[in-house]
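**Q** model this:
(chains A and B)
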Amino acid sequence: AQSVTQLGSHVSVSEGALVLLRCNYSSSVPPYLFWYVQYPNQGLQLLLKYTSAATLVKGINGFEAEFKKSETSFHLTKPSAHMSDAAEYFCAVRKNFGNEKLTFGTGTRLTIIP
Amino acid sequence: GAVVSQHPSWVICKSGTSVKIECRSLDFQATTMFWYRQFPKQSLMLMATSNEGSKATYEQGVEKDKFLINHASLTLSTLTVTSAHPEDSSFYICSAREEGLAGLTSTDTQYFGPGTRLTVL
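**A** Below you'll find the model as predicted:
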């Protein structure tokens, strides 16, 4: 079975500061990993995904994440936070084969302090 | 990029009535679509996997007779909440899997619709 744990249900950073959202995964097989962002009353937008190519993945809006197998982690970072980054962020995992469903973490709400 | 739409974006209905929610992939074909439910300030809970031309696969604990899913074409899946009750009030989100150029591959990505907020009075 696959699962993800997002450490910190709420994270606050100052505008211009580094954003770090943590995600650890558990998977019985090599995983594919995803980060999604959700703005209020909207669906989810894909930020980036890891599908066993490069371990450092760059996504939209300046976000990137690094797959670290030894740490079973896939943390999301952005060098400089913008006010528009305030949203809910979800990490998700699935198996790397077959018609497999996503398993989501519980989400991290990111607040940007002016 | 791949776009998924949902209609309606919000609906209010009386207890006992049925509500249909549509999920469309606008610029790609999707053999597989997914229906999720999200409670306030919580994560997404997968309800069912919708497969074009065949029966949906429901997650454990989800009543298939209450949440009817029809995936009649490669661009449309519908979720009907039958005999809705206040406890069915929630945010329903669909996603569609964009398949690789050579057919279904394991790197296929799910793209999500904007969600439908259902309120049952």
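**Q** Chain B: strands as residue ranges?
**A** According to DSSP state E, chain B carries its strands in the segments B:4-7, B:10-13, B:19-25, B:32-38, B:44-51, B:57-58, B:67-73, B:76-81, B:90-98, B:109-112, B:116-120.
**Q** what pairs with the second one, and is each one parallel or antiparallel?
**A** Looking at strand B:10-13 with DSSP bridges, its paired strands and their directions are strand B:116-120 (parallel).
**Q** Next, find the distance separating the most centrally placed residue in chain A from chain B.
**A** The C-alpha lying nearest the average C-alpha coordinate of chain A belongs to A:W35 (C-alpha atoms, centre = their mean; 3.4 Å). Noted for A:W35: a distance of 12 Å to chain B, by C-beta to the nearest C-beta, to the nearest Å. C-beta coordinates here come from the backbone N, C-alpha and C atoms, glycine included.
**Q** rewinding a little: hey, least reliable of the strands of chain B by pLDDT?
**A** Per-segment mean pLDDT for those reaches its minimum on strand B:109-112, at a mean of 86.
**Q** give me phi/psi at the residue nearest to the centre of chain A?
**A** phi -120, psi 130 (degrees, to the nearest 10).
**Q** Grab the nearest non-local neighbour of it.
**A** A:L47 (4.3 Å; C-beta to C-beta, 6 or more residues apart in numbering or on different chains).
**Q** From the chain's centre, how far out is whichever helix or strand the one you found is part of? Work that out for me.
**A** Using DSSP states H and E, A:L47 maps to strand A:44-50. Computed by C-alpha atoms, centre = their mean, to the nearest Å, the chain-centroid distance of strand A:44-50 equals 8 Å.
**Q** Can I get that strand in CSV, CA atoms only?
**A** Output of strand A:44-50 as CSV, limited to C-alpha atoms (Å, rounded to 0.1, in the frame of the first residue of the first chain):
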residue,chain,number,x,y,z
LEU,A,44,-6.5,20.8,-7.7
GLN,A,45,-3.8,22.1,-10.0
LEU,A,46,-0.7,20.0,-10.8
LEU,A,47,2.5,21.7,-9.6
LEU,A,48,5.0,19.0,-10.5
LYS,A,49,5.5,15.2,-10.6
TYR,A,50,8.2,12.7,-10.2
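**Q** Which strands or helices does it pack on?
**A** In terms of contacts (3 or more C-beta pairs under 8 Å, 6 or more residues apart in numbering or on different chains; DSSP states H and E), strand A:44-50 is packed against strand A:31-38, strand A:56-58, strand A:64-68, strand A:73-78, strand B:109-112.
**Q** still on that earlier bit, could the strands of chain B go into TSV alongside mean neighbour count?
**A** What follows is the strands of chain B, written out as TSV (neighbours: other C-beta atoms under 10 Å in any protein chain shown):
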stretch	mean neighbour count
strand B:4-7	18
strand B:10-13	14
strand B:19-25	20
strand B:32-38	24
strand B:44-51	21
strand B:57-58	17
strand B:67-73	17
strand B:76-81	21
strand B:90-98	24
strand B:109-112	22
strand B:116-120	18
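**Q** Can I get those strands in CSV including distance to A:I112?
**A** Output for those, formatted as CSV (distance: least, C-beta to C-beta, whole Å):
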stretch, distance to A:I112
strand B:4-7, 27
strand B:10-13, 27
strand B:19-25, 32
strand B:32-38, 23
strand B:44-51, 23
strand B:57-58, 39
strand B:67-73, 37
strand B:76-81, 34
strand B:90-98, 23
strand B:109-112, 23
strand B:116-120, 25
